[in-house]
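Peer 1: let's see this in three dimensions:
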Amino acid sequence: RRMSEEKKVGFEGADSSSVEDQPSPEPVKVVDEVAELNAITVDPSLLQTQYRQFSVDTTEAFARILALARELNTSVQPPEIVLIGKQGAGKSLLVEALIGHPLGAVKETLRPTLLQISNNASAEKPKISFKSEKSDSMIVSKSDSTGSLLRTASEVSIKLPQVAEEVNRRSPSLNPAPLIIKYEWSHAGNVTIIDTPGLVSSVPSFGSSASSDSASYTSDGESSEKKENRDPSKEREKIVMEWAKAAHRLLVFVEQADDWESVEMIEYAKKKLDVKLSRSVFIFTHLNKQLSKFANPRDLQQFFQRRPMEAKCFFVTLFSEKVRSGISGNDFDELSSKFQNRIAQAYKRDQMLLSELKIDKRYDELVGIGNIRTSVILENSWRAFKECQPELRKQLALSKKLTNDALKRQQDQRQGLDIGKMRSIISNYVADWLQCVVALSDGSNEGNPSLNGQTLSEENAYFESLEWTDERKKHLMVDASEEILEIVSQDVKNSDTRMYGAIQLERSLTLLRLLVKQKEWWTITEEEREVAAAVTHLNRSDLTLNPAVASAVIQGRMKAWESKVIEPICQRAAASSKRLAEIAFSVMSQRSQGARRMQSNQRTILDEMQHLSGFQYFKSIIRDIYYDYIDKLMKQCREKCNNELETVQLVYWESGKTAVAGKSELDVTNQLMSEISEAICTNICLKCHQHFVVLLQRDLSGEILKDISSFNDKMLQQVFEMEKLKQLLQVEEEKHKLNLQDLSEKEVQLRDLSVQFSRFSVGK
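Peer 2: Sure thing, here's the model as predicted:
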């Protein structure tokens, strides 16, 4: 009608004057938005509608579900909402409008900003903190009374109005690294809002080249030429795509309201991120500007009807930065109240325009921040809690089953705990331990030889008896000192390799063979020969001199072998075998730890006893029995080796019948000493192998288990403290019963919560 009247007036004036003579139209008056909003009175009930929260019962239910999830080692994943839009679309102001508090003026979103909103019943006022970054080391900590930054170990806490200032400080340039803000409040739901950098109008998806004044990355070590050649629009879109690709995230596209032919975000979402628009919501800001274009209700009706039906759309008008900057307050409550009042005034302004255009009531739910908060924040937060309940029920049922099984095992084991059971446990453990000792003696690597083995030099340093001295501490051979031992040790194969068990003993026997072959070992001095010749001449004058002298000298030398050769070798054999006991205990402990990790949720006290991990006294008994058996083997081996020395005189007399013409007494003596030393050394090595190593590997298990089986009942009760063990089992049973009772109560709580969450509801 207004357009037809204007046309009518124009035609009537055409006859009297020309168009050029008509006065120019009056300039459009600039509306003062502050004054316009101040003129709008807001009913308190409107504020309650715009910023309605969950009911008290629902909030308490949230807290109970979170506590239950923590006890069951299950997390309630909060919904994640990604805000996407072009620069200037109003994303940052929309975030403030959604939470109902001003955060300050953000110059531009240059980093993905994660606002992690969580319900904290103890936070009467919102608590805001930033995750610490490297740049935080430059911040000076101040007290809370100043309203400035407060430092903790991993977070930097700030006052509400300084959020934007801190965001601006941490975002000097375009950067894909997220900026994490933690927001806690007793009236908040659990949701994460991700504000992404604004897409520029020149994004390739929109069909233009990149603008030259947009921000770009400032990565260290990057050439300035590369920075200049980089396309900021593509960088921004890359960041958006990275954060929007997760299928569980809700995508909220923000764009200024316009004719549907000019709207870009719906098509962008279909092509780039969400073909079916199943997880997309579209929020169109500046609705009042769009409404000013409509002349009649029909235009408004067509506008709403032409919206894409597959797209979930909302419309809102907030206010300008000028209005926003004028909001101030002395405390949180006053500041939030003024901010929310402005939001309500802007909403009522839209409602007044819509009323003039006679909006269809079915479109009311598409307009206003209250409807957006309910659909985007509250419903998604409620849905996250509702959807986690089946998993909680599953975890409760599993925990109850495991606890019930553990209780039954404890009861069965306490009732079946007797001496016969203990004997079975002991026999099994000792049998496994003995098998481990035999395997280690045979060369098994399970005992970690690189850690528990010995090199030849370490072995020699431990056994100083290889200096081969007589009773007067005088060396029995010429220059057979530590230098000779060191030289010979270098010729032993694998001398630098760490070994244990029979392989280590074999290396020691190899060292003995090499020592015996050394000239310094068997060479006899002139002094020794003269002493032997004098004794032989006086007492055995009827014998040929040369063989008799040689026999006397060699008998003297070989007499010292019993204490200076055979004894050290037997000691080495015993020591290397005794070391296997502790190595085997270590291997058994590692095996038990692996078994405990595999069945950590079902193990009981008797399960621990299977590995005797807490019974060191019993282990010492096993160790002593094993050591006694090793000493017994060493004694037998020493006797067998000493028997080799009994035949030395017969061999010498047989050698004495051999013609020795042309040889001096000293030559004969040295010749016989060399031959006999090598022969005796070879026999000693064979005796060590046959009467020590073979018997250890063959008879060890039978001998030790025979001693273990001889333990009487009284000794077993003392060693394992049977009565105390039964009391511990009884305590474990009581714990399991209490756990079952607690789990049953939690099942009832969860059942009640499921009924409470059967429908979505909010408080006033």
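Peer 1: right, and the helix or strand after the helix of greatest length in the chain?
Peer 2: What stands out as the longest helix in the chain, according to DSSP state H, is helix 379-415. Downstream of helix 379-415, the first helix or strand assigned by DSSP states H and E is helix 419-441.
Peer 1: in that next one, what's buried?
Peer 2: By neighbour count on 16 or more other CB atoms under 10 Å, the buried set for helix 419-441 is 422, 425-426, 429-430, 433-434, 436-441. For the C-beta atoms, the positions are set from N, CA and C on the backbone; glycine is no exception.
Peer 1: what does it contact?
Peer 2: Residues outside helix 419-441 that contact it (CB atoms under 8 Å, 6 or more residues apart in numbering): 444, 446-447, 500-502, 577, 580-581, 583-585, 587-588, 606, 609-612, 618, 622, 626, 693, 696-697, 700-701, 704-705, 708-709, 711, 713, 716-717, 720, 722.
Peer 1: in PyMOL, select just the buried ones from those residues.
Peer 2: If you want just the buried ones from the contacts of helix 419-441 in PyMOL, going by 16+ other CB under 10 Å, the selection is:
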select buried, resi 444+447+500+501+502+577+580+581+583+584+585+587+588+606+609+611+612+618+622+626+693+696+697+700+701+704+705+708+711+720+722
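Peer 1: S262 - that's part of a strand, no?
Peer 2: No - counting by DSSP: H, G, I helix; E, B strand; the rest coil, S262 is located in no strand; its state is coil.
Peer 1: that one and P308: what is the separation?
Peer 2: 14 Å (CB to CB, to the nearest Å).
Peer 1: so which of these two has more stuff around it?
Peer 2: P308 (14 against 9; other CB atoms under 10 Å).
Peer 1: please, which helix or strand holds the more buried one?
Peer 2: Judged by DSSP H and E, P308 forms part of no helix or strand.
Peer 1: roughly how far apart are the nearest residue to it once chain neighbours are set aside and L250?
Peer 2: Once flanking residues are discounted, P308 sits nearest to I266: 5.7 Å by CB to CB, 6 or more residues apart in numbering. To L250, I266 is 16 Å away according to CB to CB.
Peer 1: now do N739
Peer 2: For N739, the distance to L250 - CB to CB - is 38 Å.
Peer 1: where along the stretch 51-200 of the chain do the strands fall?
Peer 2: For the stretch 51-200 of the chain, applying DSSP state E, counting those that start in this stretch gives strands covering 80-85, 113-119, 127-131, 150-151, 155-158, 179-185, 191-195.
Peer 1: now mean pLDDT too, for those strands, in CSV please.
Peer 2: Below are those laid out as CSV (pLDDT from 0 to 100):
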stretch, mean pLDDT
strand 80-85, 94
strand 113-119, 88
strand 127-131, 88
strand 150-151, 43
strand 155-158, 80
strand 179-185, 89
strand 191-195, 92
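Peer 1: out of the ones you listed, flag the one nearest L402.
Peer 2: strand 113-119 (30.4 Å; CB to CB).
Peer 1: quick one on the thing from earlier: for the longest helix of the chain, buried residues please.
Peer 2: Those would be 380-382, 384-386, 388-389, 392, 395-396, 399-400, 403, 406-407, 409-410, 413-414, for helix 379-415 by 16+ other CB under 10 Å.
Peer 1: was I right about T113 contacting K182?
Peer 2: No - taking contacts as CB atoms under 8 Å, T113 lies outside contact range of K182: 12.0 Å.
Peer 1: ok, the two, which is more surrounded?
Peer 2: T113 (24 against 17).
Peer 1: A helix includes L729, no?
Peer 2: Yes - L729: assigned to a helix according to three-state DSSP.
Peer 1: and for it, the neighbour number?
Peer 2: Per other CB under 10 Å, the neighbour tally for L729 reads 18.
Peer 1: can you pull the pLDDT of it?
Peer 2: On pLDDT, L729 comes in at 80.
Peer 1: what sits against L743?
Peer 2: Per CB under 8 Å, 6+ apart, neighbours of L743: L396, S399, K400, T403.
Peer 1: how close does the last one get to Q730?
Peer 2: For T403, the distance to Q730 under the criterion CB to CB works out to 16 Å.
Peer 1: over to M422?
Peer 2: According to CB to CB, M422 and Q730 sit 18 Å apart.
Peer 1: for I680, same thing?
Peer 2: Going from I680 to Q730 by CB to CB gives 66 Å.
Peer 1: higher neighbour count, these two?
Peer 2: I680 (21 against 13).
Peer 1: torsion angles phi and psi at that one?
Peer 2: Backbone geometry at I680, expressed as degrees, to the nearest 10, gives phi -60, psi -40.
Peer 1: same question for L72.
Peer 2: Main-chain torsions, L72, degrees, to the nearest 10: phi -100, psi 10.
Peer 1: nearest spatial neighbour of it, skipping sequence neighbours?
Peer 2: Counting by CB to CB, 6+ apart, L72 lies nearest to Q395, which is 4.3 Å off, once chain neighbours are set aside.
Peer 1: with E242 instead?
Peer 2: E242 sits nearest to P176 (CB to CB, 6+ apart), 7.0 Å away.
Peer 1: Provide a list of residues in contact with that neighbour.
Peer 2: P176 neighbours (CB under 8 Å, 6+ apart): R111, P112, Y217, K238, I239, E242.
Peer 1: now the angle from the helix or strand encompassing S589 to helix 419-441?
Peer 2: In this structure, S589 sits in helix 567-598 according to DSSP H and E. Taking axes from the mean of the first three to the mean of the last three CA atoms, to 10 degrees, helix 567-598 and helix 419-441 form an angle of 120 degrees between their directions.
Peer 1: which helices and strands does helix 567-598 pack with?
Peer 2: With contacts taken as 3 or more CB pairs under 8 Å, 6 or more residues apart in numbering; DSSP states H and E, helix 567-598 sits against helix 419-441, helix 449-452, helix 502-517, helix 616-646, helix 665-688.
Peer 1: avg pLDDT for that helix?
Peer 2: pLDDT averaged over helix 567-598 gives 80.
Peer 1: next: stretch 497-513.
Peer 2: On average, the pLDDT along stretch 497-513 is 83.
Peer 1: stretch 750-763 too?
Peer 2: 69.
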